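Participant: After the sequence you'll find the predicted model.
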Amino acid sequence: MIKKNLAILVFADVEVLDFAGPFEVFSVTDELNNHDLLNVYTVGLTTDPVSARNGLKVVPDYALDDCPQPDYLVIPGGFGTRALLEDEKFLAWITQTAPLCENILSVCSGALILARTGLLKGLKATTHHGIFPELEALAPETEILRDKRFVDNGKILTSAGVTAGIDMCLYMVSRLFGEDTAVESAKYIEYTYSPLQFCD
């Protein structure tokens, strides 16, 4: 099996568990499989430290300009997504990078970025319950599912907020590497794995 690149975006005011939850799930999955599955790394607008929600400092592994092309891209949420909706360089990077990704996953208000770049057009999606109106305004041709923890469109997956991202990522592990691998990863992080009941 060829090891794949999995990039997780980080930015000012990113919600901590929105990026740390996926990082833990995918990193543990790789660790439990002799580090043969995934190259998990963070990407910022630059490599300068960013202040996540409530002040946690994070140093990105790469900047947009020099990160390896991801096979899988995770876009977390948080209040900082609003500034990114107006950042033309960032939006151009998403637009250029997305076609080369096998899968793109958003957590919480990360779905707003997918909507802003047109990637949710004609799809189903969910997001944090507090921002359904924002997502509807940005993605009028997207069916918003308010009662799902996460939604799988094939290439693009979206989840509700915070812990819902963990459910989505464990589900993604099961898609990529099998159900047993997902169960093993969930057991290691002491997490109750039952994502299929939440998925559309």
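Facilitator: Received the coordinates, thanks. This is a predicted model, so every value here is computed, not measured.

Participant: give the contact list for Phe90.
Facilitator: Shown in contact with Phe90 (C-beta atoms under 8 Å, 6 or more residues apart in numbering): 45, 64, 84. (Each C-beta comes from the backbone N, C-alpha and C, glycine too.)

Participant: so which of the residues you listed is the most crowded?
Facilitator: The residue in the contacts of Phe90 with the most neighbours, by other C-beta atoms under 10 Å, is Leu84 (24 neighbours).

Participant: Skipping adjacent residues, who's closest to it in space?
Facilitator: Phe90 (5.2 Å; C-beta to C-beta, 6 or more residues apart in numbering).

Participant: Repeat that for Gly80.
Facilitator: Gly80 sits nearest to Asp13 (C-beta to C-beta, 6+ apart), 3.2 Å away.

Participant: Thought Val14 was touching Gly78, still the case?
Facilitator: Yes - between Gly78 and Val14 there is a contact at 4.3 Å, judged by C-beta atoms under 8 Å.

Participant: Show me whatever sits in contact with both of these two.
Facilitator: Joint contacts of Gly78 and Val14 (C-beta under 8 Å, 6+ apart) are 52-53.

Participant: so where does the residue nearest to Leu84 fall, helix or strand?
Facilitator: Element membership for Phe90 (DSSP states H and E) is helix 88-97.

Participant: just checking, what packs against the helix or strand where Met172 lies?
Facilitator: Per DSSP H and E: Met172 is located in helix 164-177. Counting contacts by 3 or more C-beta pairs under 8 Å, 6 or more residues apart in numbering; DSSP states H and E, helix 164-177 packs against helix 16-31, strand 103-107, strand 150-152, strand 156-159, helix 179-188.

Participant: tilt between the very next helix or strand once past the longest one and helix 164-177?
Facilitator: Moving toward the C-terminus from helix 16-31, the first helix or strand encountered (DSSP H and E) is strand 38-44. On the basis of axes from the mean of the first three to the mean of the last three C-alpha atoms, to 10 degrees, strand 38-44 is oriented at 140 degrees to helix 164-177.

Participant: Report the distance from strand 38-44 to the chain centre.
Facilitator: Computed by C-alpha atoms, centre = their mean, to the nearest Å, the chain-centroid distance of strand 38-44 equals 11 Å.

Participant: show me the residues around the residue nearest the centre of the chain that make contact.
Facilitator: By C-alpha atoms, centre = their mean, the chain has its centre lying nearest to Val74, at 2.7 Å. Going by C-beta under 8 Å, 6+ apart, Val74 touches 6-9, 19, 22, 105-107, 110, 169.
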